[in-house]
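S.K.: Here is a sequence with its predicted model. Questions after.
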Amino acid sequence: MSRDKLVGIKDIADRCGVSQATVSNVLNNKNNVGRQTRDKILEAARELGYVPKRTEETVHKRKKNTVAINFSDFDAQFYFDVLHGISDYAVKKDFNLQVSGAYNGECSQL
């Protein structure tokens, strides 16, 4: 592989005879690829001089899932109980939580 061209997961996949998804799983330390295939992919990545794209990696790791909730009647205790349960789940899963509601026809965001 020429040093002028950046090596990507497609290059590694072509060399190893596996899918790009398999290469991606190995490079992202997923445990769903067999040891022999994993070793072959990592060796090919070293031989080809693969260097991860740090910008994409950083953006991907910072990416958060967001749960957005919109209530139309914030006076009801029921909604607070539901919100409490959703909030507990969101915290456990490291999700952002966005809550908005309308009271007397006016929207507000919490």
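M.R.: Done, it's in. Numbering: from 1, shown residues only.
S.K.: who's in contact with the longest helix seen in the chain?
M.R.: When the chain is parsed with DSSP state H, its longest helix is helix 77-92. Identification of contacts with helix 77-92 by C-beta atoms under 8 Å, 6 or more residues apart in numbering yields 67, 69, 71, 73, 95, 96, 97, 99, 101. From N, CA and C alone the C-beta is placed, and that goes for glycine too.
S.K.: pLDDT-wise, what's the bottom of these?
M.R.: Lowest model confidence among those falls on residue 73, which carries 64.
S.K.: Tell me where the longest strand sits in this protein.
M.R.: What stands out as the longest strand in the chain, according to DSSP state E, is strand 96-103.
S.K.: For that strand, buried residues please.
M.R.: Residues 99, 101 are the ones in strand 96-103 that count as buried (16 or more other C-beta atoms under 10 Å).
S.K.: what's the answer for stretch 85-93, then?
M.R.: When neighbours are counted by 16+ other C-beta under 10 Å, the buried residues of stretch 85-93 are found to be residue 90.
S.K.: what about the helices in this structure?
M.R.: Taking DSSP H, the helices of the chain run over residues 9-16, 20-27, 35-48, 54-62, 77-92.
S.K.: Now find how far off-centre the last one is within its chain.
M.R.: Read it as helix 77-92. Distance of helix 77-92 from its chain centroid, counting by C-alpha atoms, centre = their mean, to the nearest Å, is 23 Å.
S.K.: And the protein, split by domain according to the record?
M.R.: Following automatic domain parsing, one gets these domains for the chain: 9-61, 64-109.
S.K.: Among those, show me which one is buried the most.
M.R.: For the domains of the chain, the largest average neighbour count (mean count of other C-beta atoms under 10 Å) is found in domain 9-61, namely a mean of 14.
S.K.: How far off centre is that one?
M.R.: 17 Å.
S.K.: Make CSV out of the helices of the chain and add mean pLDDT.
M.R.: Formatted as CSV, the helices of the chain follow (pLDDT from 0 to 100):
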stretch, mean pLDDT
helix 9-16, 95
helix 20-27, 93
helix 35-48, 94
helix 54-62, 55
helix 77-92, 82
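S.K.: where's residue 95 relative to residue 41, distance?
M.R.: Residue 95 is 31 Å from residue 41, where distance means C-beta to C-beta, to the nearest Å.
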